[in-house]
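Asker: Structure here, sequence nowhere to be found:
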């Protein structure tokens, strides 16, 4: 019987407007992010929260799964004016779909978590559940802009998949239902 290792999990919340990590451009000083002025402070903030969450934990060394929820404040243009300023306009979108590609949001957060030594490399992430919400408008959304992250180590068997698939037999004994191998 294969034993599974103990599951480890870390979680943290970082408030602030999530920033995407998009394209890089080259100038005479080297490569830099197009939005470096806002990206660097965001990544630093996420890194600090991730470091705090992993203060007493070793970095993940095997495959991990990540649940990540980005929450944004609604723009003022989504609301009516005058005495109905607290109500949403009829055409206001339910989810933040026009800006902030979810893969670029993940890239910024994952690179910050790599810098925080949550894991050895973000290539260890094999399962991601990512969502975008407006603040306080969904049961999973944060009350204000930010990101909520849960990282969990996937259980790994103590034996290789080949060993786990074949029962132990004495050398030279044929599998049940088959003739002896000569």
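Answerer: Received the coordinates, thanks. Model, not experiment: these values are computed from the prediction.
Asker: and residue 40, which of the three is it?
Answerer: helix (DSSP: H, G, I helix; E, B strand; the rest coil).
Asker: buried ones in stretch 128-141?
Answerer: By neighbour count on 16 or more other Cβ atoms under 10 Å, the buried set for stretch 128-141 is 132-134, 141. C-betas here are computed from N, CA, C, even on glycine.
Asker: Straight-line length of it, end to end?
Answerer: For stretch 128-141, the first-to-last residue distance is 17 Å (Cα to Cα, to the nearest Å).
Asker: now the buried residues of stretch 128-141 as CSV including pLDDT, distance to residue 122 and secondary structure?
Answerer: Rendered in CSV, the data for those read as follows (pLDDT from 0 to 100; distance: Cβ to Cβ, whole Å; DSSP: H, G, I helix; E, B strand; the rest coil):
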residue, pLDDT, distance to residue 122, secondary structure
132, 96, 19, strand
133, 96, 23, strand
134, 95, 27, strand
141, 95, 24, coil
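Asker: Tell me where this structure has helices.
Answerer: Along the chain, the segments classed as helices by DSSP state H run 36-53, 102-115, 161-165.
Asker: I'd like to know which of those helices lies nearest to residue 16.
Answerer: helix 36-53 (5.6 Å; Cβ to Cβ).
Asker: which of the residues in that closest one are buried?
Answerer: 39, 42-43, 45-47, 49-51, 53.
Asker: List the buried residues for stretch 56-72?
Answerer: Residues of stretch 56-72 classed as buried: 60, 64-72 (neighbour count, 16+ other Cβ under 10 Å).
Asker: doesn't residue 70 make contact with residue 102?
Answerer: Yes - in this structure, residue 102 is within contact of residue 70 by Cβ atoms under 8 Å, at 7.3 Å.
Asker: low pLDDT regions in the protein?
Answerer: Counting by pLDDT under 70, the chain contains low-confidence ranges at 1-7, 23-25, 30-35, 158-182.
Asker: Against residue 108, how distant is residue 83?
Answerer: Residue 83 sits 39 Å away from residue 108, going by Cβ to Cβ, to the nearest Å.
Asker: Would you map the strands across the protein?
Answerer: 9-15, 24-27, 30-33, 64-72, 125-134, 146-153 (DSSP state E).
Asker: can you list those strands in TSV and add distance to residue 89?
Answerer: TSV is the format used below for those (distance: least, Cβ to Cβ, whole Å):
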stretch	distance to residue 89
strand 9-15	26
strand 24-27	36
strand 30-33	33
strand 64-72	17
strand 125-134	13
strand 146-153	24
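Asker: The ones you listed: which one's closest to residue 91?
Answerer: strand 125-134 (14.5 Å).
Asker: which residues are contacting the closest one?
Answerer: Around strand 125-134, the neighbours that count as contacts under Cβ atoms under 8 Å, 6 or more residues apart in numbering are 63-74, 95-97, 100, 102, 105-106, 110, 119, 140-142, 154.
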